Each structure stands twice: as structure tokens, then as C-alpha cells.
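J.: Everything below, folded, please.
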Amino acid sequence: MKPALITLVLASLCLCACSCTEKGGGQEDPIAQDNVLTSPTEVLAAAGKGDYTLEVTAPDSWQAYSNDSWITDVSPSWSSSPKGTVTFKVAENLTAEGREGAVVIKCGSVRHSVKVTQPSASSEDGISCPLDGYRLVWHDEFDDESSFSTDWKFENWRKGYVNNELQRYVAGGELDGHKTASVEGGVLHITAMKYNGEVISARMNTRKSWLYGYMEARIWLPKGLGTWPAYWMMPNDQSDGWPKCGEIDIMEEVGANANYTSSSIHCDAYNHVKNTQKTKETYTANAEGSFHIYALEWTEGYIKTYVDGKELLYFANDGKNNVSTWPFDKTFYITLNLAWGGDWGGYKGVDESALPTTMKVDYVRVFQK
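T.: So this is what the prediction gives:
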């Protein structure tokens, strides 16, 4: 065979062996690039860590890898089969900004990049914390009532069970078709109402709990003499009993003192039984007729509460490792409730003509560092 013919045959064999070629100058051949297919063609990762997959189709054996440190465990790194599944992990994005990376499928000299984009955990769902350094870890925007069974637990308590309150808290936020907890227009409604000779209402606790963080809720308070709405926290471990176990009241208000919202800290050394509780109160204009934002910043060193971004209560850890003054080093859950009457809510009596009356909650959000 002539040398020229041999050269031509060898060149043809090389082209047949792998159709993933690259043109000179480092430019990818658009036809060859199209011959490497992935599904999906782009990955939109969540802000948290997760596992993802790609279905790969190539004309020949291929490699898979990523040069981005937050995209790891790409497997398999090599496959002799033209078709296969690639798995990889994405780390949680703890940075302040979104980011982009890629998983690369290399066939011959062609490098087919699958873009991976990830938002910042601090701005997932467009939600950011007003304080620097915090990221969203849990929230309920009350788009519907599905979260009632997944994220919340409802108390089922008789009248007078605590604080001599006059309402009965009903299981599931409903009694005989009468809803004490419902979602309307993306807003949680907790309603105290008269039914079958008694006042019924709702008290709901988050199933999750947290140690430290920034907790925020946007709330519209109910009207009426006898109302006692609250947004507050209690520890999972209450074995020491109250008040030694600790209590954080982010927001409370009573209809007898309309539009004056307060924050309080209760523990063994400081509580309302001894009249030593740490409390701050402020006039919140139209709290009973519009939404306001009530928040808590809870760290190892202090507890702060806010109303519409303005600091209200500051309580420092005295650093003595004394559970009597600082039991706030364990997980707490969030409670939303609307009480009727009781030691504080009914200190000026109650007016049942105000019933039904409703506490509205636009959202509850938890951020942590």
C-alpha cells in the first residue's frame, strides 16, 4: 500500500474511534459538542447541601469531573459506556452571594460543561435577614394549611389550664368545623370565638427547635378587652419546671392595654411570680390594626428583642454559668397563641361582644449563623 494511502486510512480510523474532536486554536467543534448530551442541561441547586444526578449520552468513553471546590464526589470519574449516570454533591452555600460552577463531561478532546448555579442560603426564596451574618434555616410563609401537620403541633388544653385563662385550646386548630387556626390569602388566622357555650382558640408550637438565632414574625394583633396574643419560645427540656427552665417572650399584648407590646425574660431568678421578670414595653402605633415585625436576636452572650427593627429589650448573659439566671443555652421552640382572659389578659375583665377576634401572622422565619 502506498504511504499516502496508509496515512489516509489511519486518519479515517482515528476519526471513527471517537467523534468528540476539537478544532485547532482550542475551539470546540459545535457538531461534536452536540454529540455529548446531558439531562438536565443545567442544574439549579438549592442553597443547602444536596445530591444531584446527570444522565449522560456520549459517542464514546468519557470522563466526569468538577474543578469547583463546592461541587464534590463526582462519580463515576470515567465510563467506557456511551450512556451513564453521573452523581455529585453540592455543599451548602454559606457565602453572601449566589455562585456558579460546572460539572464537565470530557469525551476525547471535547469538554461539555453543565452549569451548576446555587443561591446564597442567606437569600433563599428571596428572604434575607436584616442582621449581617445570618442565613435562613426555617420559615413558614403560610401559603396554605399544609404546614399545620408538618411544621406545627397544636395544644389541646381545657379552660383554666394555665394562667387562669378562659379559653379552651382545641386540637388541630379546629372543633366541629369551627376553625381556630386557618390560612386566608397567605396569612395565618388564629381566632378566638364563642362556640357551644365556651371560648375556643389555638395555641401552636413549631415541631422544630433551635439554639440561638434571629427569629422574626410579622403580626397583626386582635382587638377586644380580654385578648392576650403572644409570640414566644419555650425549651424542649422543661424537666426543671417553670420558671427555672426559662421562657423568652418575644411579643405579648393585652387588649386592656391596647397597642402596648412587650418583651419579657423569665427564669428562676427573674420571673413574674417574684415580680422580678425582665420586661420592656413600648407603644406600637396601630398594632391592633396593621402588621408589625417582632423579632428576637438570641446569642450565647445576650438576648435582644425588636419591634419594627428598633431594639426593645436587652438581657445579657452574666457569664456565671448559673441556670437560675441564664437557662438559655438549650434548644427552644416557637409558640403562637391567642389567649382569652386570664391573670393578665383579663385583669380589667373581658368583653365577649368582641368575639370572634383574630390574630394574623404573615410569616415566621428563623435565621442562624
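
J.: When you work out contacts or count neighbours from here on, use the C-alpha atoms and nothing else.
T.: OK.

J.: How much space separates residue 216 from residue 261?
T.: Look at residue 216 and residue 261: by CA to CA, to the nearest Å, they are 15 Å apart.

J.: do you know how far residue 131 is from residue 292?
T.: Counting by CA to CA, the separation of residue 131 from residue 292 is 17 Å.

J.: neighbour-wise, which of the two wins?
T.: Relative neighbour count places residue 292 above the other of residue 131 and residue 292, with 21 against 11, counting by other CA atoms under 10 Å.

J.: The helix or strand where the more buried one lies pairs with which strands, and in what direction?
T.: Following DSSP states H and E, one finds residue 292 within strand 291-298. Based on DSSP bridges, the pairing partners of strand 291-298 within the sheet are strand 213-220 (antiparallel), strand 302-307 (antiparallel).

J.: Which secondary structure elements does whatever helix or strand comes next after the longest one sit against?
T.: It refers to strand 213-220. Moving toward the C-terminus from strand 213-220, the next helix or strand (DSSP H and E) is strand 227-235. Judged by 3 or more CA pairs under 8 Å, 6 or more residues apart in numbering; DSSP states H and E, strand 227-235 is in contact with strand 247-252, strand 332-340, helix 342-345.

J.: Let's see that with 6 Å instead.
T.: Contact analysis of strand 227-235 by 3 or more CA pairs under 6 Å, 6 or more residues apart in numbering; DSSP states H and E lists strand 247-252, strand 332-340 as its packing neighbours.

J.: Which stretch among the ones you listed approaches residue 357 most closely?
T.: Of all these, the one in closest proximity to residue 357, counting by CA to CA, is strand 332-340 (9.3 Å).

J.: Output the closest one in CSV, but only the C-alpha positions, please.
T.: Once non-C-alpha atoms are left out, strand 332-340 reads as follows in CSV (Å, rounded to 0.1, in the frame of the first residue of the first chain):
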residue,chain,number,x,y,z
PHE,A,332,-36.3,26.3,72.3
TYR,A,333,-39.3,26.1,70.1
ILE,A,334,-41.7,28.9,68.9
THR,A,335,-45.3,29.3,70.1
LEU,A,336,-48.1,31.4,68.6
ASN,A,337,-51.3,31.7,70.6
LEU,A,338,-54.3,33.8,71.3
ALA,A,339,-55.4,33.6,74.9
TRP,A,340,-58.7,35.0,76.3
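
J.: Now do that strand, average pLDDT.
T.: Taken as a whole, strand 332-340 carries a mean pLDDT of 98.

J.: and what of stretch 205-214?
T.: Model confidence over stretch 205-214, given as mean pLDDT, is 98.

J.: Identify the residues contacting it?
T.: 151-153, 296-299, 330-335, 366-368 (CA atoms under 6 Å, 6 or more residues apart in numbering).

J.: Would you mark the buried spots in it?
T.: Judged by neighbour count (16 or more other CA atoms under 10 Å), stretch 205-214 contains these buried residues: 205, 206, 209, 210, 212, 213, 214.

J.: before we move on, back to that, how about the helices and strands packed on strand 227-235, which one is nearest residue 237?
T.: Distance to residue 237, taken as CA to CA, is lowest for strand 332-340 among these, at 8.4 Å.

J.: same for the closest one, what does it pack against?
T.: Judged by 3+ CA pairs under 6 Å, 6+ apart, strand 332-340 is in contact with strand 203-206, strand 227-235.

J.: tell me the most buried of these?
T.: The densest packing among these, expressed as mean neighbour count by mean count of other CA atoms under 10 Å, is seen in strand 227-235 with a mean of 24.

J.: got the contact list for stretch 160-170?
T.: Contacting residues not belonging to stretch 160-170 are listed as 156, 157, 158, 159, 199, 200, 201, 202, 340, 341, 342, 343 [CA under 6 Å, 6+ apart].
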